[in-house]
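Asks: Attaching a predicted model along with its sequence, questions to come.
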Amino acid sequence: SLLMIRNKALMDEYDEWQRRSPEVLPAEPDVLIALGKEELQKVKDDLDMALAMVQLKNKQLEEDLEREQQWHEDQEKTLGILNKIEEETKIQDEQASKKGDTIFHDLQKKMLRLKRYNEEIWTALGKFLQEQFPLPEKGESSKRKKTAVSIHVGFVHFLILFVFQLLINKLMETPHEPYIRVNDSFWPPYVELLLRCGVALRHPGDPNRLRLESFH
């Protein structure tokens, strides 16, 4: 389509030249020189105009190039900052992961030590109860003794936890009056055990009232 338009323009220009009659130039040298100067001046003006347009276009291209270079530098700086942040984040994640694994292993070790310590305490408490509060032995087999000891220790555990729960509940509900009254359900040897271990305290004016020791 562009070629067809160009062809039509050339044909129109050709027809225009065909309709013109050639102008006869005068033979005087002065006239020819003047006409030549006039044509050269027109060419010079056209070339100056073209040069100005080219210079203006070059200036615009230089400004666009500077903007593109500045944008490219900004993008490189931004990319460098993002890469640095990504590397730092990756390093921090790796350090946090290692630290988390270390903390997890430490907690596992501590829990294992606490579990062993708890077992040792309960074993020592069972031995202490067997020595200080022995069960009747007459007419009982070793198997029945062992079963009775297990039941006895389990009952002691339950009683101690029950007393702890009562003391803690009383302290939380009425901090200004943390004492509970000892009734027949509290076996005196176990109450005495709590007192000797420093877990409970008697009321200064009433020996039948107990409170939880202020561990803080």
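Replies: Noted; the coordinates are in hand. Numbers count the residues shown, from 1 in each chain.
Asks: From Glu87, how far out is the residue positioned nearest the centre of the chain?
Replies: For the chain, the residue nearest the mean C-alpha position is Asp93 (9.0 Å; C-alpha atoms, centre = their mean). Asp93 is 11 Å from Glu87, where distance means C-beta to C-beta, to the nearest Å. Placement of C-beta: from N, CA and C, glycine included.
Asks: what's the answer for Ser97, then?
Replies: Between Ser97 and Glu87 the computed distance is 16 Å (C-beta to C-beta).
Asks: any idea of the mean pLDDT for the longest helix along the chain?
Replies: Ranked by number of residues, the top helix in the chain under DSSP state H is helix 29-132. The average pLDDT within helix 29-132 is 85.
Asks: elements contacting it?
Replies: helix 142-173 (3 or more C-beta pairs under 8 Å, 6 or more residues apart in numbering; DSSP states H and E).
Asks: Please identify the pairing partners of the next helix or strand after the helix it packs on and their relative orientation?
Replies: Next helix or strand after helix 142-173 toward the C-terminus (DSSP states H and E): strand 180-181. Strand 180-181 has the following strand partners under DSSP bridges: strand 209-212 (antiparallel).
Asks: And the average pLDDT for the partner strand is what?
Replies: In this model, strand 209-212 has a mean pLDDT of 88.
Asks: mind listing what's buried in that strand?
Replies: Arg209, Leu210, Arg211, Leu212 (16 or more other C-beta atoms under 10 Å).
Asks: Distance-wise, check the last one relative to Arg6.
Replies: Noted for Leu212: a distance of 107 Å to Arg6, by C-beta to C-beta.
Asks: Could you do Leu107 as well?
Replies: Distance of Leu107 to Arg6, given as C-beta to C-beta: 85 Å.
Asks: same check, this time on Phe162
Replies: Going from Phe162 to Arg6 by C-beta to C-beta gives 109 Å.
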